[in-house]
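> Sequence below, structure please.
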Amino acid sequence: MAVAILGAGVMGETVVSGLLRAGRDPSTLLVSERRPERASELRQRYGVEVVDNLEAATRADTLVLVVKPQDMPDLLDEIAPVVRAGQLVVSLAAGITTGSIEARLPDGVPVVRVMPNTPALVDEGMAAISPGVHCDEAHLVEAEDLLRSTGKVIRVPEKQQDAVTAISGSGPAYLFFVVEAMIEAGVHLGLPRSTATELVVQTMVGSATMLRETGEHPTVLRERVTSPGGTTAAAVRELEDHKVRAAFMTALESAARRSRELASGIDT
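As a prediction, the model looks like this:
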């Protein structure tokens, strides 16, 4: 079955490269890209066929929409005349509801909404999917098969997608922010930047691996590092005094609210 990736930005290219690493034949992939230099780059790098949006939507069995939320209305209006009920439409646009996409496409087109994240670039992505009204189990399985090429996939009710966006969609940025702060602290404390970076990155990787492989609650793991009256306890006390936990909750609430706002432009 032919799959078309409409939108060849960072995430679109990630989907393409992930599918190829997972064994997909390049001849079954279509990529849409308007810029000639970018189209040439994609052809040379991946051996895929690069076409315009209308041709991709006409020829493919599955359409993967990987555009910015504000660009989604124009894309849907462009491809709607050639989209047919037998095609599956998979949207990776943050905040855009399945209902708003269905409303711009012919009746009966199955739509799956996806919230991916950037660790998909290294095949460690986390994607949450939600079905539209015309989706059945086969459509969800197909979407899962596509997305597993770049990481893990879970199913969630669509009403939870704004929270997913705040947690995992935007989540890598929060962790990178913490890593930045820890590296800067290491430099301030006298470490060479390269040493501080290696220490922090490996600590982050090791800690994440412990969480995944032990299955233990993060509080339990944190308490094992936190000896009474020790260095970690002193640091955690400062974090609590500065209300870092509350700041994270407020920040994620803001991200979820923004996800809802992004949908308003296409829902109206």
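> Looks to me like Glu55 is in a helix.
Yes - applying DSSP: H, G, I helix; E, B strand; the rest coil, one finds Glu55 inside a helix.
> who's in contact with it?
By Cβ atoms under 8 Å, 6 or more residues apart in numbering, Glu55 lies in contact with 30, 32. Heads up, the C-betas are built off the backbone N, CA and C, glycines and all.
> any idea how far Val82 is from it?
Glu55 sits 9 Å away from Val82, going by Cβ to Cβ, to the nearest Å.
> just Arg59 next, same as before
9 Å.
> list the buried ones in the helix ranked longest in the chain?
The single longest helix within the chain, with elements called by DSSP state H, is helix 244-267. By neighbour count on 16 or more other Cβ atoms under 10 Å, the buried set for helix 244-267 is 252, 255-256, 259, 262-263, 266.
> cool, and stretch 140-155?
Of the residues in stretch 140-155, 140, 142-144, 146-147, 149-153 count as buried by neighbour count, 16+ other Cβ under 10 Å.
> pull the CA atoms of that stretch into PDB?
Listed next in PDB are the C-alpha coordinates belonging to stretch 140-155 (Å, rounded to 0.1, in the frame of the first residue of the first chain):
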ATOM      1  CA  LEU A 140      -5.900   2.100  14.200                       C
ATOM      2  CA  VAL A 141      -3.700  -1.000  13.600                       C
ATOM      3  CA  GLU A 142      -2.400   0.500  10.400                       C
ATOM      4  CA  ALA A 143      -1.600   3.800  12.100                       C
ATOM      5  CA  GLU A 144       0.200   2.000  14.900                       C
ATOM      6  CA  ASP A 145       2.300   0.000  12.400                       C
ATOM      7  CA  LEU A 146       3.300   3.300  10.700                       C
ATOM      8  CA  LEU A 147       4.300   5.000  13.900                       C
ATOM      9  CA  ARG A 148       6.100   2.000  15.600                       C
ATOM     10  CA  SER A 149       8.900   2.600  13.100                       C
ATOM     11  CA  THR A 150      10.000   5.500  15.200                       C
ATOM     12  CA  GLY A 151       9.100   4.400  18.800                       C
ATOM     13  CA  LYS A 152       6.300   3.500  21.000                       C
ATOM     14  CA  VAL A 153       2.500   4.000  20.400                       C
ATOM     15  CA  ILE A 154      -0.400   4.200  22.700                       C
ATOM     16  CA  ARG A 155      -4.100   4.700  22.200                       C
END
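> hmm, who's touching that stretch?
Contacts of stretch 140-155 (Cβ under 8 Å, 6+ apart): 3, 14-15, 18-19, 21-22, 24, 62, 64, 88, 90, 112, 114, 116, 119-121, 123-131.
> chain center to that stretch, what's the gap?
12 Å (Cα atoms, centre = their mean, to the nearest Å).
> Report the mean per-residue pLDDT for it.
Averaging pLDDT along stretch 140-155 yields 95.
> The strand ranked longest in the chain pairs with which strands?
Assignment by DSSP state E gives strand 125-131 as the longest strand of the chain. Strand 125-131 pairs in its sheet with strand 111-115 (antiparallel), strand 151-155 (parallel), by DSSP bridges.
> Grab the nearest non-local neighbour of Asp77.
Arg104 (6.4 Å; Cβ to Cβ, 6 or more residues apart in numbering).
> Touching, the one you found and Leu76? I think so.
Yes - the pair Arg104 / Leu76 is scored as a contact, 4.0 Å apart, by Cβ atoms under 8 Å.
> quick one: which of those two has more around it?
Neighbour comparison, Arg104 and Leu76: the larger count goes to Leu76, with 22 against 16 (by other Cβ atoms under 10 Å).
> doesn't the more buried one fall inside a helix?
Yes - under three-state DSSP, Leu76 falls within a helix.
> partners of Val90 in the sheet?
Val64, Val112.
> State the number of residues packed around it.
Residues lying near Val90 (other Cβ under 10 Å) number 23.
> how near is it to Gly132?
Remark: distance between Val90 and Gly132 (Cβ to Cβ) = 10 Å.
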